[in-house]
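Peer 1: Structure, please.
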Amino acid sequence: MQLSAIGLSVDELDTPALLLDLESFEFNVEKMARHFRERGVGWRPHAKAFKCPAIAHRLRKAGALGVTVAKVSEAEVMAAAGIDDILIAHLVVGPSKAARLAALQRTADVKATVDHPDHLPPLADAARRAGVTIGLIVDVDLGMNRCGVDSSEAAVALAHRVADTPGLRFDGVMGYEGHTLMIADRAEKRAAIDLAIGWLLDAKRAVESSGLPCKIVSAGGTGSYQHTADIAGITEIQAGGGIFACQYYSQACNVEGHRPAVFVLATVVSRPAPDRAILDIGQKSISQYRTPPVLPDHPGCAVLSLSAEHTTLAVLDGRELKIGKKVMVIPGYSDFTFVLHDRILGLRGGRVEAEWELLGRGKLQ
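Peer 2: Sure, this is the predicted structure:
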């Protein structure tokens with residue numbers, strides 16, 4: 001029985017399999033790390049993109065100051081693996097989650113976000129019971145109409161409530177300009193980002209003018225980082241998915257200069273017609289969110305549809321796509337693909353060099 005895939009060639013791997021081209025991954029990591037380093041901005045990549053402590057450690061070695069996560073359970077996975085600077089870019093609500101967040105403070109600096117005074121008493125109570133202090137960041141709505149306070153005045157009021165509550169510590173403000181990511185026109189996109197981040201910086205200045213230090217000003221995603229990082233006043237960027245450069249980021253968000261690094265390996269299992277082929281991957285193994293997957297080595301093949309376990313391809317020249325042939329497929333969206341797999345296999349020179357468990361998969365609480 002083969003206990004590890006390390007050393008196997010691509011042709012020896014069973015399918016579906018989630019694969020990482022290590023050379024392209026390392027190129028993207030260095031590109032992003034250098035971009036932030038040159039601008040004096042911290043990098044806090046969002047681990048929802050990769051769900052993997054081993055990848056988080058690779059990014060820390062490249063200069064990332066920590067990670068962003070969406071759930072307390074993801075923070076627990078990262079802290080247990082030795083990542084000691086974590087931001088939960090979500091609202092922590094409920095006694096169980098508050099107690100877990102408090103307990104995490106003994107092993108890592110795990111900050112969370114708030115956007116309403118009602119969030120504070122349960123968190124403060126959990127912190128006092130555990131004998132710790134929880135750092136909190138005020139979330140500001142930058143135009144997504146999702147979470148966040150709706151004004152600088154509200155940000156100031158909530159920041160002071162945090163600072164005045166025993167067991168809690170005010171660390172700064174954050175916001176997400178996610179509604180700007182897919183604006184096609186470059187000038188229009190930059191203007192929309194400037195406007196959104198301007199609201200965040202207004203909140204930061206208002207907080208500081210009220211007498212509170214604002215250590216953290218966190219924003220950005222992969223789809224906007226190439227401009228957001230240039231805006232003075234931002235202290236850290238949460239971009240994560242750019243290390244993989246799936247179709248969503250490269251095509252829908254027009255992120256420039258990255259190399260596709262993540263693939264799903266699939267097998268041709270049927271050729272029901274000369275102009276059609278079927279792969280053994282579907283929505284349970286690859287995402288088509290926003291943009292369809294593509295076959296980079298077979299430009300004459302296009303994904304027509306994904307069902308649960310099948311992908312239907314339109315084939316212009318199918319002479320190479322015989323039953324049993326393995327093909328590499330770039331996901332439409334890597335974030336939604338990682339959550340479908342238990343591990344990712346790192347390839348170099350056509351052979352598996354690394355095998356990393358996606359320990360954050362399924363951590364929803």
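Peer 1: give me the low-pLDDT residue ranges for the protein?
Peer 2: 1-2, 318 (pLDDT under 70).
Peer 1: Next, work out how far apart the residue most central in space within it and residue 361 are.
Peer 2: Residue closest to the average C-alpha location in the chain (C-alpha atoms, centre = their mean): residue 49, at 3.1 Å. According to C-beta to C-beta, to the nearest Å, residue 49 stands 12 Å off from residue 361. All C-beta spots, glycine's among them, are computed from the backbone N, C-alpha and C.
Peer 1: ok, now residue 269?
Peer 2: 25 Å.
Peer 1: likewise residue 200?
Peer 2: Counting by C-beta to C-beta, the gap from residue 200 to residue 361 is 31 Å.
Peer 1: Between those two, tell me which one has more neighbours.
Peer 2: residue 200 (28 against 17; other C-beta atoms under 10 Å).
Peer 1: how about that one, phi and psi?
Peer 2: phi -70, psi -40 (degrees, to the nearest 10).
Peer 1: cool, the one 10 residues further on as well?
Peer 2: When quoted as degrees, to the nearest 10, the phi and psi of residue 210 stand at phi -80, psi 0.
Peer 1: next one: residue 301
Peer 2: With angles defined as degrees, to the nearest 10, residue 301 sits at phi -120, psi 130.
Peer 1: what about the helices in this structure?
Peer 2: For the chain, the helices defined by DSSP state H cover 22-39, 53-61, 72-80, 95-104, 120-130, 152-163, 186-209, 225-228, 247, 334-338.
Peer 1: show me what contacts residue 22?
Peer 2: Contacts of residue 22 were listed using C-beta atoms under 8 Å, 6 or more residues apart in numbering, and they are 346, 347, 348, 353, 354.
Peer 1: buried subset of the residues you listed?
Peer 2: 346, 347, 354 (16 or more other C-beta atoms under 10 Å).
Peer 1: Bridged to the last one, which residues?
Peer 2: Right, the one you point to is residue 354. Beta-bridge partners of residue 354, counted by DSSP bridges, are residue 346.
Peer 1: ok, now which ones touch it?
Peer 2: Taking C-beta under 8 Å, 6+ apart, one finds 6, 20, 22, 54, 345, 346 in contact with residue 354.
Peer 1: circling back to that earlier point, for the helices of the chain, could you give me CSV that also reports distance to residue 279?
Peer 2: Converted to CSV, the helices of the chain look like this (distance: least, C-beta to C-beta, whole Å):
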stretch, distance to residue 279
helix 22-39, 22
helix 53-61, 26
helix 72-80, 31
helix 95-104, 40
helix 120-130, 47
helix 152-163, 49
helix 186-209, 34
helix 225-228, 32
helix 247, 16
helix 334-338, 14
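Peer 1: Compare the ones you listed and give me the one nearest residue 300.
Peer 2: helix 247 (17.5 Å; C-beta to C-beta).
Peer 1: Off-centre distance for the closest one?
Peer 2: 14 Å (C-alpha atoms, centre = their mean, to the nearest Å).
Peer 1: can you list contacts of it?
Peer 2: 290, 291, 292, 293, 294, 330, 331, 332, 333.
Peer 1: Just among those residues, which is most surrounded?
Peer 2: Going by other C-beta under 10 Å, residue 331 tops the contacts of helix 247 with 29 neighbours.
Peer 1: I'd say it and residue 286 touch.
Peer 2: Yes - if you go by C-beta atoms under 8 Å, residue 331 and residue 286 touch, sitting 5.1 Å apart.
Peer 1: Overlap of the contact sets of the two?
Peer 2: By C-beta under 8 Å, 6+ apart, the residues touching both residue 331 and residue 286 are 264, 293, 337.
Peer 1: With distance to residue 142 added, can I get the residues you listed in a markdown table?
Peer 2: Converted to a markdown table, the shared contacts of residue 331 and residue 286 look like this (distance: C-beta to C-beta, whole Å):
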| residue | distance to residue 142 |
| --- | --- |
| 264 | 33 |
| 293 | 31 |
| 337 | 27 |
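Peer 1: re the thing from before, ok, the buried ones among the contacts of residue 22 vs residue 302, which is closest?
Peer 2: For those, the nearest to residue 302 is residue 347 (24.7 Å; C-beta to C-beta).
Peer 1: Now do the same contact list for the closest one.
Peer 2: Residue 347 makes contacts with 10, 19, 20, 21, 22, 353, as judged by C-beta under 8 Å, 6+ apart.
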